[in-house]
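[1] A predicted structure for the sequence below; I have some questions about it.
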Amino acid sequence: MESTVEVGAGGVGTDRAGTVEVRWDRFFRWGPYALLAAGTLLSAATAGLLMSRAAQLTAAGLVATALVLHLGRGTGRPAGVVHYVLRTVLAAVLTWLNPFFAVYAVLGYFDADRLLPRRAVRIGLVVTAATMAGSQSGGLPPVDRTHWIAFAALFALNSSLSLAFQHLSAQEAENVRAKAAAIAELEDANARLARALRENAGLHAQLLVQAREAGVADERRRLAAEIHDTIAQGLAGIVTQLQAATDSPDPDAARTHLDRAAALARHSLGEARRSVRDLGPSELEHDDLPAALAKVVDGWSAAAGVPAAFTVAGTVAPLHAELEGTLLRIAQEALANTARHARAGRVGVTLTFMDDEVSLDVRDDGRGFDPAHRPAPTVHGGFGLAGMRARAERVAGVLEVESEPGYGTAISARVPLVRHG
């Protein structure tokens, strides 16, 4: 019969399987000799009662033949099939001569699965069952009707039991193979998972490097925009006021320009310090966005000498500090561009609160320009539109520019409405 093993976790099943296989190998190697010897001794002890002199000589010759057969046993098919058939015939004849040779014939139950093809296993088991039934019923051939009935009953019993155990053994062997396949598949899956984890670790490290590089680049852009929107604008305003003071023939007017230049210098210095400390605009330190924008527009109008109006539409909501700072800087840059390039006669700034977004619109009636052919940034300026667009995109917003030569410029920034806190 085919052996079964138990498969468990942590290598226990593998160790047990190895031990059981070793024991079965020893049995199939030495067991036939032991069983043949036991059957020979039992038969010799009863030979005087059960065997004639001719039968004893015949049995001795068959035992010698069986011994030679086992000494030269083949290990593979078809040698294994020939060995099983010859041994089964020898065992059946020996059992016919003396029922105690059934001790040797029982080998047919154990190695049918090992030596015979799958479709021939049951035939081998049934033949062995017939030999065993003959021995158990008093010897072969049955001598009377009672012995025939006993032989038939014992043959049915032996056949049924051997076939049932063979079926259970085959199922158990199939379960073992299925478990072994599942373990192999699990090990393969673990190996794939380990490779995936190693690849994931490499990708994670690569993403960290890319994120760090992107963060550095983003911080550089932020600092460049912050310097451009604060210090650079302040210095440009100071230069403008100093130039106006120099060109003014009126001492009082010149003094006014100088005072404005000093105020701009102080404000720019404060903005520089805040930029270093990464704080928000000073205009939002004590005011909300609408109030801060109103002061920025009024201050710009006074400095540029251009009428400017500020309007708030919708229901005012407290915004996240990052959104307020972004919209304020965009407004300051848009007004600075208007002062430098537009030659406008009037400017309008509108802050609109909607359900899910906030928009800032800065419009002027200046000379306008062609957005598709605006000059590239230089060391002297030109970062305004790109900086405003980058600020809007940093907070998931958008910036649109509408302009045409001779028809003014409209800048519109829209950002999500994210409330403070």
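    Cool, the structure landed.
[2] Please give the number of neighbouring residues around the closest residue to Val93 other than its chain neighbours.
    Once flanking residues are discounted, Val93 sits nearest to Leu62: 6.1 Å by CB to CB, 6 or more residues apart in numbering. C-betas here are computed from N, CA, C, even on glycine. Leu62 is flanked by 17 other residues according to other CB atoms under 10 Å.
[3] same thing with the one 10 residues further on?
    Each residue near Gly72 was counted by other CB under 10 Å, and the total is 9.
[4] Begin at 4, not 1, for the rest of this chat.
    Noted, 4 is the first residue going forward, which turns the last one into Gly75.
[5] which residues of this structure score low on pLDDT?
    4-21, 76-80, 208, 210-212, 214-235, 273-283, 377-386, 424 (pLDDT under 70).
[6] max-length helix in it?
    helix 148-230 (DSSP state H).
[7] sec struct for Phe372, please.
    Counting by DSSP: H, G, I helix; E, B strand; the rest coil, the backbone at Phe372 sits in coil.
[8] quick one: contacts for it?
    Neighbouring residues of Phe372 by CB atoms under 8 Å, 6 or more residues apart in numbering: His344, Ser406, Pro408, Thr412.
[9] Which one (most neighbours) among the residues you listed?
    Greatest neighbour count in the contacts of Phe372, by other CB under 10 Å, goes to Thr412: 24 neighbours.
[10] which pair in the contacts of Phe372 spans the largest distance?
    Taking every pair in those and measuring CB to CB, the maximum separation is 12.0 Å, between His344 and Pro408.
[11] Dihedrals phi and psi, the residue lying farthest from the centre of the chain?
    No residue in the chain sits farther from the centre than Arg56, which is 81.0 Å out by CA atoms, centre = their mean. Here is the backbone geometry of Arg56 (degrees, to the nearest 10): phi -60, psi -40.
[12] Grab the most central residue of the protein for me.
    Note: the chain centre (CA atoms, centre = their mean) maps to Ala199, 7.1 Å.
[13] any idea how far it lies from Ala192?
    Distance, Ala199 to Ala192, by CB to CB, to the nearest Å: 10 Å.
[14] Report all helices and strands that the longest helix of the chain contacts.
    Counting contacts by 3 or more CB pairs under 8 Å, 6 or more residues apart in numbering; DSSP states H and E, helix 148-230 is packed against helix 115-118, helix 124-139, helix 254-279, helix 387-397.
[15] before we move on, back to that, I'd like the contacts of Phe372 as JSON lines, with secondary structure appended.
    Output for the contacts of Phe372, formatted as JSON lines (three-state DSSP):
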{"residue": "His344", "secondary structure": "helix"}
{"residue": "Ser406", "secondary structure": "strand"}
{"residue": "Pro408", "secondary structure": "coil"}
{"residue": "Thr412", "secondary structure": "strand"}
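[16] what about the residue nearest to Val96, which helix or strand?
    Using DSSP states H and E, the element containing Leu65 is helix 56-74.
[17] Burial check on Ala48, number of neighbours?
    For Ala48, the neighbour count with other CB under 10 Å is 12.
[18] For Asp147, which residues are in contact?
    Contacts of Asp147 (CB under 8 Å, 6+ apart): none.
[19] how close does it get to Phe154?
    As judged by CB to CB, Asp147 and Phe154 stand 11 Å apart.
[20] Which other helices and strands does the strand or helix carrying Gly42 contact?
    In this assignment (DSSP H and E), Gly42 forms part of helix 15-48. Using 3+ CB pairs under 8 Å, 6+ apart, the elements in contact with helix 15-48 are helix 56-74, helix 82-100, helix 105-108, helix 110-113.
[21] give me that answer again for 10 Å
    Packing partners of helix 15-48 (3 or more CB pairs under 10 Å, 6 or more residues apart in numbering; DSSP states H and E): helix 56-74, helix 82-100, helix 105-108, helix 110-113, helix 115-118, helix 148-230.
[22] Enumerate the positions of the first one that are buried.
    Translated: helix 56-74. Across helix 56-74, burial judged by 16 or more other CB atoms under 10 Å covers Gln59, Thr61, Ala62, Leu65, Val66, Ala69, Leu72, His73.
[23] re earlier: distance between the longest helix of the chain and the chain's centre?
    Taking the mean of its C-alpha atoms, helix 148-230 sits 16 Å from the chain's own mean (CA atoms, centre = their mean, to the nearest Å).
[24] The helix or strand that that helix is followed by to helix 148-230, inter-axis angle?
    Downstream of helix 148-230, the first helix or strand assigned by DSSP H and E is helix 236-250. Going by axes from the mean of the first three to the mean of the last three CA atoms, to 10 degrees, helix 236-250 is angled at 10 degrees with respect to helix 148-230.
[25] Helix 236-250 versus helix 387-397: what angle between them?
    Taking the same axes, to 10 degrees, one finds helix 236-250 and helix 387-397 inclined to each other by 150 degrees.
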